[in-house]
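A.B. asks: Sequence unavailable; structure follows:
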């Protein structure tokens, strides 16, 4: 099983199948809501960022005659107008990877939108761990032994369930298949914090 298969999440199944005009239709119906277009675009950019990192990781590993794997030297940060890509990569290779990622996502390889190093996973892990720890504290007897055992069980359970929950949060909340995105440009730049990066700029295209 490859790392991209880790988030198929079979035990809950799919709530819906993505289709090309879903976000355009939603925006047309609810265009009076401020910030909706930016939110929809951010979710699509987030998915494209993840898929681009997967494509670049696969290219790198295949060049080394290894199985495709996550290249941990690459990372990204999404905005509603594009994403920053960190790591050693040539702009032309990044541009090519973005186009491949778009094609593969739109072609049905939706698992590429999910990534195990996404910040969503860390946020979900912290929330789940805090919830389990508090639950164990209030539900178990106040004795130190019972509390210590409860703390260990809470941490262990959180570690087991958090990756799947993080994957679902990505799949249904923080990413969306980028049917509406069109690549504009790839440039070398610095991010908000002054770090060197490439910025992949995209624009929205309405679909009917």
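C.D. replies: In hand now; what should we look at? Small disclaimer: the values here were computed from a predicted structure and weren't measured.
A.B. asks: okay, CA-based contacts and neighbour counts for the rest of this
C.D. replies: Will do.
A.B. asks: who's in contact with residue 20?
C.D. replies: With contacts defined as C-alpha atoms under 8 Å, 6 or more residues apart in numbering, the neighbours of residue 20 are 179-180, 207.
A.B. asks: out of those residues, which is most surrounded?
C.D. replies: When neighbours are counted by other C-alpha atoms under 10 Å, residue 179 leads the contacts of residue 20 with 23 neighbours.
A.B. asks: Turn the contacts of residue 20 into CSV, columns for pLDDT, secondary structure and distance to residue 141.
C.D. replies: Written out in CSV, the entries for those read as follows (pLDDT from 0 to 100; DSSP: H, G, I helix; E, B strand; the rest coil; distance: C-alpha to C-alpha, whole Å):
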residue, pLDDT, secondary structure, distance to residue 141
179, 97, coil, 53
180, 98, coil, 54
207, 92, coil, 58
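A.B. asks: need those residues in a markdown table with distance to residue 25, can you?
C.D. replies: Below are the contacts of residue 20 laid out as a markdown table (distance: C-alpha to C-alpha, whole Å):
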| residue | distance to residue 25 |
| --- | --- |
| 179 | 12 |
| 180 | 11 |
| 207 | 8 |
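A.B. asks: Can you give me every residue that contacts the closest residue to residue 43 other than its chain neighbours?
C.D. replies: Excluding the flanking residues, the one nearest residue 43 by C-alpha to C-alpha, 6 or more residues apart in numbering is residue 175, at 4.2 Å. Listed by C-alpha under 8 Å, 6+ apart, the contact set of residue 175 reads 42-47, 113-114.
A.B. asks: for the record, mean pLDDT for the longest helix along the chain?
C.D. replies: Taking residue count as the measure and DSSP state H as the definition, the longest helix of the chain comes out as helix 36-63. Along helix 36-63, the predicted local confidence has a mean pLDDT of 90.
A.B. asks: Which elements pack onto that helix?
C.D. replies: Here helix 36-63 is seen to pack against helix 22-29, strand 75-79, strand 82-86, helix 91-106, strand 181-190 when contacts are counted using 3 or more C-alpha pairs under 8 Å, 6 or more residues apart in numbering; DSSP states H and E.
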